[in-house]
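S.K.: For reference, the sequence and a predicted model appear below.
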Amino acid sequence: MSDASEGLVVERIARSFNGQQAVDNVSFRVRPGELVALVGASGSGKTTTLRIVAGYEQPDSGRVLFNEQDITRVGPSKRGFGMVFQHYALFPHMSVVDNVAFGLEARGVRRSERRQRANLALERVGLGGKGQRMVQQLSGGEQQRVALARAAVIEPRLLLLDEPLSNLDPTLRQSTRDELRVALKASKAPALFVTHDQDDAFAIADRVVLLSHGRVLQDGTPEDLYDRPATRDVAMFIGHATLVPATRNSDVADVTIGGVMHQLKLSSTSGVPAGGPGSVVLRPEALELAQGDSPTQWNATVVSRRFAGAQFVYRLRLGGDVIVDVAGRERLERDQPVGVRVTRPVPMVP
Amino acid sequence: MTSRWLNGRGRAERAATIAALPLLLVLVWTVIYPNVSVIAGSVGHWGEFIQSPSDVEALKNSLIIAVASVVAALAIGVPLAFLLTRFDFPGRTILRAAALLPAALPPLVGVISFLFLYGDTGVITKVTQIVLGLKDIPWHLDGIGAIIFIHAYTMYVYVYLFVSAGLERYESSLDEAAIGLGAGAFRRLTRVTLPLLTPAIAGSALLVFMSALGSFSAPYVFGGGIRVLSTQILNSKLNDAIGLAYVETTVLAISAVAGLLLFRWLEGKRAYVAAGKGGARRHKVRSRGARIALAFGAGLIVLVLILPHLMIVLVSFAKDGAWTTQMLPPEYTTHNYAGLFTQDELWTPIRNSLVMSVLATAADVVFCVGAAYLIVTRKFSGRGLLETLVALPWAIPGTAVALGLLATFNTNNIAMGKILLVGTFWILPLAYFVRDIPLVSQAVEGSLKQMDPSLEPAARGLGASWWLAVRRVVLPAARPGIVAGALIACVTAIGEFVASVVLYTHGNRPISIEILAQLRSYAFGTASAYSALLIGLVLIMALAARLAESRMQ
């Protein structure tokens, strides 16, 4: 078996519903041990893609391979994958341990052994001793871990997770992200998970496949997507970005806002040729408020202020229609004039 | 969300269509084909119907009775539901329990108890005569009025149950909002509360309409000279005017379906989704006078509600033939009950009813679990058809169902899809099976719809075979519905009268037919003992359903 094609290979799959192209020529891979996130807004085709990988849906065209075997027409019960459903799909009439042991029961594992293995899987997700509870007696976060244990106990060749964090409240979500990454890494199985939340994707995944309207916009590491977005759409999706027209000038860009031009250092150019037009991506993290009269600043006025704990987040209007968000400690009032400065290299997209 | 887990197409859809085919075939054979046979048999006899004054009158009476029963049931059921869900007063708990009592009376039994109570020699009739010092009895229990009277008693329960459920779910903040906007009690009721209860009211009114239109027992037993369609059908059949019976059946079925469509249309115009968290508070009635009046009224209503049951139990101990003109039966004995279980002739109907209803229920469960499973969890061509056909027998009055089976299973003709069941034991279990399909499938569908649709795919994804997933996940989820549906089906089948009276033979005569026979020979005690047995069975099954329900939670 050649190393290059081990793991999951999705090859040019397409699927339409009632004439709507839900998935359009999507290809990507999940290599052994890798955590891959399928990210996109609702309607981007991410869930359909996951369902095709899981075997609940058949593609109109294209192939799904695992370890070089074509599994496109193999039913979900025979793929050997473990799936965590969005609402967990825990069996309400079974105890926690029976839920976790169900996949082993389906594989004909003896009762005593499957109890033992299910309890071990529960301990691994920090739920040892709760096996006899009924599912409804657990909190949302605990249910999520039961679902993970149930999918992991069958030692799947690939773990699939559909919006694994969307049912948790915001505070729980933060901590669960880290736990999930640790648990997924510990299970050694490669994992593919679907999320609409880029923060989830960045925090958990080794690699991110960004989908929009059924097509892959970009496939890369979180750093790739953030620092080197391939297209305008990617740049718009990642972070709170403002795109400003610019002209590339070797490794800097000439950016004119409200009649004032500055040159900005570029972190990537995404194929924009020297001298060519494009846009630079301004994100709050690359901007700061400039009091005084720095030569590299643009003048702006405060549109609104939002309290964000350690600092304020200001929405500012630069010359014309350019609106950016900038964080700052100073307390500014509405309509107050202020300067903005770019502090690090910014990406440029066509 | 739901639709996402319905298997889209390809292999899975074909498999579902193939699985649905035998079910559709059974429905076409036992529901559609009989109705088609009736319509075909009616051809050439419509002139007789139109020229027969009694038939035209029967159609008119049936419609009048149906509409008047709806009005009467609403007039009782709606206020009672408001009273019991919105107010707290002494006697509320017992009235709430008693409000369901009419549901424990099988149709024919209710009619008989009314005869004992309000008939020409009935207890209440005589007491009223004596108390008022009248020369003659104060009323005669016959005609349209009597039929509507008993319908009001037995059918208000539908209204009461539907409207109570609507009020329990009713979002109380809506009333609070109306108060905050300055609306008085009357405006609140007419502009907010009642409009939001329209689905419940319309749904229950439809149920009453359909039951009253097809009602057979009351017109049959004390209709007097009053003709209605259901009794005309049996008359024509007994007079060997089978063609005319088919016309009458067609007219009855068309009236029922027209009523169904009319109500659905009215309901559709006022379909609000007003289900909130519910939790409306009950107001404690504080005024001393009102409390006493309500307690007294509640006691009176409870008495009226429970009298039929008490009367049946009392008469069941009466010595056969001894009760003639006295106010109450003069001699009592336990022989009536003993006889049911010791005399072959009397035991046979009980055995028949038990065997036939268990057979029908078992077939209903197998059939309806399959149908409900496909309807709820699969998407396939033919799904809408299956859903419609499964609900269809509900819209067809019992007499019409019976005539349909009579028209279809009356000869051995394999090429025409006909086999001879009329005159055999099997025709009644078949009739019960058909009549109970909607009840059982609705109960099972209800349970399956509450199941998280991703459970079965989840089980399959964990490596379970189809059968393991169904056995360990789907069937446990459907179990409350299966238990409830089976119990309802069993209860209705054991007390079934309307279809039985058309199709029974001496050999398979069920309890209801024997009750009628005993009544005709003035064996009131024995008839009542059978009736009490039926009431007992209904109550036991209702308790079993309650128990099963609470176990599930």
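M.R.: All right, it came through fine.

S.K.: rest of the way, CA atoms for contacts and neighbours
M.R.: Fine.

S.K.: where along the stretch 101-250 of chain A do the helices fall?
M.R.: Along the stretch 101-250 of chain A, counting by DSSP state H, counting those that start in this stretch, helices occupy A:111-124, A:140-152, A:170-187, A:198-204, A:222-227, A:232-237.

S.K.: again but with the stretch 401-550 of chain B, I slipped
M.R.: B:427-450, B:455-461, B:466-469, B:475-495, B:498-503, B:511-520, B:524-552.

S.K.: Would you mind listing the buried residues in the third one?
M.R.: If you call a residue buried by 16 or more other CA atoms under 10 Å in any protein chain shown, then helix B:466-469 has these buried ones: B:468-469.

S.K.: burial measure for the residue of the stretch 101-250 of chain B found nearest chain A, as a count.
M.R.: Closest to chain A within the stretch 101-250 of chain B is B:Arg169: 22.9 Å, counting by CA to the nearest CA. Look at B:Arg169: counted by other CA atoms under 10 Å in any protein chain shown, it has 16 neighbours.

S.K.: ok, now the one 10 residues further on?
M.R.: Using other CA under 10 Å, B:Ile179 is surrounded by 14 other residues.

S.K.: Same check on B:Thr526?
M.R.: Neighbour tally, B:Thr526, other CA under 10 Å: 27.

S.K.: Likewise for B:His335?
M.R.: There are 17 residues near B:His335, going by other CA under 10 Å.

S.K.: domain parsing for chain A?
M.R.: Using automatic domain parsing, the domains assigned to chain A come out as A:3-227, A:232-349.

S.K.: Throw those domains into CSV and include mean pLDDT, distance to chain B and mean neighbour count, thanks.
M.R.: Shown next, in CSV, are the domains of chain A (pLDDT from 0 to 100; distance: least, CA to the nearest CA, whole Å; neighbours: other CA atoms under 10 Å in any protein chain shown):
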stretch, mean pLDDT, distance to chain B, mean neighbour count
domain A:3-227, 90, 4, 20
domain A:232-349, 88, 25, 17
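
S.K.: Please name whichever of those domains is nearest to B:Ser54.
M.R.: domain A:3-227 (56.0 Å; CA to CA).

S.K.: so which of the domains of chain A gets nearest B:Phe116?
M.R.: Using CA to CA, these put domain A:3-227 closest to B:Phe116, at 49.3 Å.

S.K.: hang on, B:Ser62 packs against B:Val228?
M.R.: Yes. B:Ser62 is within contact range of B:Val228, at 5.1 Å (criterion: CA atoms under 8 Å).

S.K.: possible to save the helices of the stretch 101-250 of chain A as CSV with distance to B:Ile124?
M.R.: Formatted as CSV, the helices of the stretch 101-250 of chain A follow (distance: least, CA to CA, whole Å):
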stretch, distance to B:Ile124
helix A:111-124, 67
helix A:140-152, 62
helix A:170-187, 69
helix A:198-204, 76
helix A:222-227, 86
helix A:232-237, 81
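
S.K.: Show me the one of those helices that comes nearest B:Ile147.
M.R.: helix A:140-152 (56.5 Å).

S.K.: mind saving the C-alpha coords of the closest one as CSV?
M.R.: Provided in CSV are the C-alpha atoms of helix A:140-152 (Å, rounded to 0.1, in the frame of the first residue of the first chain):
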residue,chain,number,x,y,z
GLY,A,140,-25.3,18.3,27.3
GLY,A,141,-21.5,18.2,27.6
GLU,A,142,-21.7,14.7,29.1
GLN,A,143,-24.0,13.5,26.4
GLN,A,144,-21.5,14.8,23.8
ARG,A,145,-18.8,12.7,25.4
VAL,A,146,-21.0,9.6,25.5
ALA,A,147,-21.5,10.0,21.8
LEU,A,148,-17.8,10.3,21.3
ALA,A,149,-17.2,7.2,23.4
ARG,A,150,-19.8,5.3,21.5
ALA,A,151,-18.2,6.2,18.2
ALA,A,152,-14.7,5.5,19.5
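
S.K.: for that helix, packing partners?
M.R.: When contacts are defined as 3 or more CA pairs under 8 Å, 6 or more residues apart in numbering or on different chains; DSSP states H and E, helix A:140-152 packs onto strand A:81-84, helix A:96-106, helix A:111-124, helix A:170-187.

S.K.: Identify whichever of the helices of the stretch 101-250 of chain A lies nearest to B:Phe209.
M.R.: From the helices of the stretch 101-250 of chain A, taking CA to CA, the stretch that ends up closest is helix A:140-152, at 46.7 Å.

S.K.: and that closest one with helix A:170-187, angle?
M.R.: 20 degrees (axes from the mean of the first three to the mean of the last three CA atoms, to 10 degrees).

S.K.: How about the residues of chain B by chain A?
M.R.: Within chain B, the positions near chain A by CA under 8 Å from any CA of the partner chain are B:7-8, B:452, B:454-455, B:457-465, B:468, B:473, B:476-477.

S.K.: 6 Å - rerun?
M.R.: Residues of chain B lying near chain A by CA under 6 Å from any CA of the partner chain: B:454-455, B:460-464.

S.K.: middle-most residue in chain A, spatially?
M.R.: Centroid check for chain A by CA atoms, centre = their mean gives A:Ala201 as the closest residue, at 2.6 Å.

S.K.: With B:Met311 as the reference, name the closest of the domains of chain A.
M.R.: Of all those, domain A:3-227 comes closest under CA to CA, at 44.7 Å.

S.K.: quick one on the thing from earlier: turn the helices of the stretch 401-550 of chain B into a markdown table, including mean pLDDT.
M.R.: Shown next, in a markdown table, are the helices of the stretch 401-550 of chain B (pLDDT from 0 to 100):
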| stretch | mean pLDDT |
| --- | --- |
| helix B:427-450 | 93 |
| helix B:455-461 | 91 |
| helix B:466-469 | 93 |
| helix B:475-495 | 91 |
| helix B:498-503 | 93 |
| helix B:511-520 | 92 |
| helix B:524-552 | 86 |
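
S.K.: So for B:Lys135, which of those helices sits nearest?
M.R.: helix B:524-552 (26.8 Å).

S.K.: Which strands and helices lie in contact with the closest one?
M.R.: helix B:288-316, helix B:511-520 (3 or more CA pairs under 6 Å, 6 or more residues apart in numbering or on different chains; DSSP states H and E).

S.K.: Where does the stretch 351-500 of chain B get nearest to chain A, residue-wise?
M.R.: For the stretch 351-500 of chain B, CA to the nearest CA, closest residue to chain A: B:Gly463, 4.0 Å.
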